[in-house]
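S.K.: I'll drop the sequence and a predicted model, then ask my questions.
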Amino acid sequence: METVVLIVGAGPAGLATSVCLNQHSIPNVILEKEDIYASLWKKRAYDRLKLHLAKNFCQLPYMPHGPDVPTFMSKDLFIKYLDAYVTHFDINPRYNRTVKFSTFEVSNDKWRVEAENNVTGETEVYWSDFLVVATGENGDGNIPARHVLTKEEVYVGMSLLKYCSVTMVDALVMMMASTRLFMYGDLSKYGLFRPKQGPFATKLFTGKAPVIDVGTIKKILEGEIQVINGGIRSIQGKTLTFENGLKQDFDAIVFATGYKSSVCNWLKNYEYMMKEDGFPKKPMPKHWKGEKNLYCAGFSRKGIAGAAQDAMYVAEDIRSILATTKY
Ligand SMILES: Cc1cc2nc3c(=O)[nH]c(=O)nc-3n(C[C@H](O)[C@H](O)[C@H](O)COP(=O)(O)OP(=O)(O)OC[C@H]3O[C@@H](n4cnc5c(N)ncnc54)[C@H](O)[C@@H]3O)c2cc1C
Ligand SMILES: *[C@@H]1O[C@H](CO)[C@@H](O)[C@H](O)[C@H]1NC(C)=O
Ligand SMILES: *[C@@H]1O[C@H](CO)[C@@H](O)[C@H](O)[C@H]1NC(C)=O
């Protein structure tokens, strides 16, 4: 199938982009992996969720919230708003299509996008002049690899950084940590895996600090903190069932693992726009535009207002290109 603009993802960002393109009468198709739009809100959000930003920061282009809507909306009200948005602007995403692969074909200057139709099991091929990435900042659940250092090891490393390269400091600090950890034995059975990049390089290049061990590892080894390694199969009330069959009740359950962007898994030419972490290379305010007619909406870390803004800029940019070129 061929279209002018292909949008991947039918969350608020993808829906808004489609609406803005329609305002300029630019043909577009949305591919969505779930069987519904706004799947994050409809399928993955907890019941008592309330928007943490005021309503005027949580609206999409061409449809402001009415005066009767409370300042801080409930999840259900926001979903009602999205339902009204989709109905009013008559947006029809192609559901059950997981985009698995996209590349820019130099031979015909078009994007080639492969989507798996999870109902028929077939792989569908789409061609477009423009590709808009709208798969969200929170595409994949994240289980981070962790560096665990003591504050003394960090101190040694920081002092040495004045005299040695980051690579050398990392090698030394990791050796020190290994010697200490060696006495503890293999920590991977507690779900603690060591990342490939050294702790100081990680800090330098990504800003992420290592976990400072102030005694947690010791408590884990002594059994005071119990780590149940492995996935959670189901949660019912306060009862957790683990993959290994274990069942246990808890007073409180805290999810603290975070999310990550999933763009680099399916966008093979991500380097036209994204860094390896699946976020835009360019700083604001031009983060939404890549090379080769590649765009993104919803990656400004500014919530729904940011997604709405991106959608308007992207549609306007595509309009101006179409107005002045061969297409
Ligand atoms: C719990 C929570 C609360 C939030 N509260 C607020 C708030 O109060 N105010 C605010 O402004 N922002 C809030 N945000 C942040 C942000 O606005 C929302 O996450 C918003 O849904 C982002 O919209 P999006 O369209 O960019 O991404 P998403 O809503 O994540 O939509 C992406 C869509 O792409 C689909 N998709 C992903 N990969 C593929 C693929 N390979 N092929 C096809 N489809 C794919 C997904 O199924 C999904 O439907 C919140 C976020 C979370 C997680
Ligand atoms: C297809 O996707 C829908 C929506 O996510 C899901 O409910 C269904 O189980 C999937 N079907 C198959 C065959 O994978
Ligand atoms: C998507 O998949 C779901 C679950 O498999 C199915 O009920 C629904 O009809 C499908 N929707 C489309 C548009 O194919």
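M.R.: Arrived safely. Ligands and ions are numbered 1, 2, ... in the order given.

S.K.: which parts of the protein sit against ligand 3?
M.R.: 35, 95-96, 119 (Cβ under 6 Å from any ligand atom). Backbone N, C-alpha and C define where each C-beta goes, glycine included.

S.K.: can you rerun that using 8 Å?
M.R.: Contact residues, the chain versus ligand 3 (Cβ under 8 Å from any ligand atom): 35, 94-96, 117-119.

S.K.: mind checking which of those residues are buried?
M.R.: Buried members of these, scored by 16 or more other Cβ atoms under 10 Å, are 95-96.

S.K.: dump the residues of the chain next to ligand 3 to TSV, plus pLDDT and distance to Thr179.
M.R.: Listed next are these as TSV, based on pLDDT from 0 to 100; distance: Cβ to Cβ, whole Å:
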residue	pLDDT	distance to Thr179
Asp35	98	53
Arg94	98	56
Tyr95	98	54
Asn96	98	52
Asn117	98	53
Asn118	95	49
Val119	96	55
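
S.K.: what is the nearest of the residues of the chain next to ligand 3 to Asn293?
M.R.: Ranked by distance to Asn293 (Cβ to Cβ), the residues of the chain next to ligand 3 are led by Arg94 at 20.4 Å.

S.K.: ok, the closest one to Met63 distance?
M.R.: Remark: distance between Arg94 and Met63 (Cβ to Cβ, to the nearest Å) = 23 Å.

S.K.: equivalent analysis for Asn138, please.
M.R.: From Asn138 to Met63 the distance is 23 Å (Cβ to Cβ).

S.K.: likewise His88?
M.R.: His88 sits 7 Å away from Met63, going by Cβ to Cβ.

S.K.: ok, and what's touching the helix or strand bottoming out on mean pLDDT in the chain?
M.R.: Counting by mean pLDDT, DSSP states H and E, the chain has its least confident helix or strand at strand 140-141, which shows a mean of 76. Under the criterion Cβ atoms under 8 Å, 6 or more residues apart in numbering, residues 257, 259-262, 265 lie in contact with strand 140-141.
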